[in-house]
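dropping a prediction and its sequence here:
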Amino acid sequence: MSKIFWYEVLESTQEEARRLAEAGEKGVVVARRQTAGRGRRGRPWLSPEGGLYATFILPGEELAFPPELLPLAAGVAVVKALKALYGISLGLKWPNDVLYQGRKLCGLLVESLFREGHPVCFLVGVGINLNRPVPEAPQAVSLGEILGREVPLEEVLSGLMAAFKEVGHLKPEEVLSSWRAFSETLGRRVRILHPEGSLEGIALEVSPYGNLILKTEEGLREVAFGDCIHLRPAG
Ligand SMILES: O=C(O)CCCC[C@@H]1SC[C@@H]2NC(=O)N[C@@H]21
């Protein structure tokens, strides 16, 4: 049974998870709200009460696949957990935004803890809109809105814990095939925004390391990170 570290309020569950991981702990850190929640690429993640804010501390040796696949595997875990709990079908936008009918339900942030220059432990932050409407982000949706009722935080958390445990045992090819099965990115025309600019093309595949392979006007390109924007469907 995995340990749960509960907090009423934290600046960010990522920071507390890092502190606990450095002290040799593993498990999941949960806060009812965060005062300085962080999203990908340093963006703020608004975290008032009514959402799920959790960070899973995952030691590298407990993963059956290379850490490069963890961002994809984390998305797979969330989709599987919410399907098992509520029967809802969700999709994934590369690398791991969880979508319901094209709207964002959950964001994931994967960070590493290094020891002697090697990543030894991974901190997987999960932010889910549960019972709070998200008027500040029209492209977002809450679980409560999808199900038409209040959703208990504890119920979603225990589903996530079971799914993260199960997904940790997947072989690399199983992570990739599960991700492909839920992907709403493959086959689409996309724009990838990254610090040096943007790249547009058709998303053809994910590489064995989780990079997105694009067919652009200049030929095939492989991208390791960036924000993915879905444009119109391919073809
Ligand atoms: O930009 C994204 O889509 C990722 C958002 C990740 C938010 C979660 S909430 C729990 C954990 N603590 C944080 O400060 N961020 C992550």
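Perfect, I can see it now. Keep in mind that what you see is a predicted model, and the values were worked out from it rather than measured.

give me the spatial nearest neighbour of the residue of the chain at minimum distance from the ligand, chain neighbours excluded.
Residue nearest to the ligand within the chain: residue 107 (2.3 Å; C-beta to the nearest ligand atom). Bear in mind the C-beta positions are built from the backbone N, C-alpha and C, glycine included. Spatially, and ignoring its direct neighbours in sequence, residue 107 is nearest to residue 127 (4.8 Å; C-beta to C-beta, 6 or more residues apart in numbering).

before we move on, what SS does residue 69 have?
helix (DSSP: H, G, I helix; E, B strand; the rest coil).

give me the distance from stretch 54-63 to the chain's centre.
13 Å (C-alpha atoms, centre = their mean, to the nearest Å).

give me the residues contacting it.
If you take C-beta atoms under 8 Å, 6 or more residues apart in numbering as the criterion, stretch 54-63 is touched by 13-14, 16-17, 20-21, 25-31, 67, 70, 73, 119-126, 157, 160, 164, 168.

right, and residue 170 touches residue 73 too?
Yes: using C-beta atoms under 8 Å, residue 170 is in contact with residue 73, at 6.7 Å.

ranges for the strands of this structure?
Under the criterion DSSP state E, the chain contains strands at 4-10, 27-34, 51-59, 91-93, 97-100, 103-115, 118-129, 188-194, 197-206, 212-216, 219-223, 227-233.

nearest to residue 152, out of those?
Residue 152 lies closest, by C-beta to C-beta, to one member of those: strand 51-59, at 10.2 Å.

next, the angle strand 103-115 makes with that closest one.
Interaxial angle, strand 51-59 versus strand 103-115 (axes from the mean of the first three to the mean of the last three C-alpha atoms, to 10 degrees): 30 degrees.

now strand 51-59 against strand 118-129, angle please.
Interaxial angle, strand 51-59 versus strand 118-129 (the same axes, to 10 degrees): 160 degrees.

near the ligand, which residues of the chain?
Within the chain, the residues that sit near the ligand (C-beta under 6 Å from any ligand atom) are 12-14, 34, 37-40, 43, 45, 53-55, 107-109, 125-127.

buried subset of the residues you listed?
Buried by 16 or more other C-beta atoms under 10 Å: 12-14, 34, 37-38, 40, 45, 53-55, 107-109, 125-127, out of the residues of the chain next to the ligand.

returning to that earlier point: hang on, the residue of the chain closest to the ligand packs against residue 40?
Yes: when contacts are counted by C-beta under 8 Å, residue 107 is listed as touching residue 40 (7.1 Å).

worst-scoring helix or strand of the protein, pLDDT-wise?
strand 227-233 (a mean of 85; mean pLDDT, DSSP states H and E).

next one: it to chain centre, how far?
17 Å.

for stretch 25-32, same thing?
The chain centroid and the centroid of stretch 25-32 are separated by 16 Å, computed with C-alpha atoms, centre = their mean.

which positions in stretch 10-26 come out as buried?
Neighbour-count burial for stretch 10-26 [16+ other C-beta under 10 Å]: 10, 12-18, 20-21.

the residue nearest in space to the middle of the chain pairs with what?
In the chain, the residue lying closest to the centroid (C-alpha atoms, centre = their mean) is residue 108, at 2.7 Å. Here residue 108 sits in beta bridges with residue 126, going by DSSP bridges.

now do it against residue 133, distance only.
Distance, residue 108 to residue 133, by C-beta to C-beta, to the nearest Å: 21 Å.

run a quick check on residue 216 versus residue 203, I expect a contact.
No: at 10.6 Å, residue 216 does not count as touching residue 203 under the criterion of C-beta under 8 Å.

can you give the domain ranges for the chain?
In terms of domains, the chain is parsed into 4-182, 189-230 (source: automatic domain parsing).
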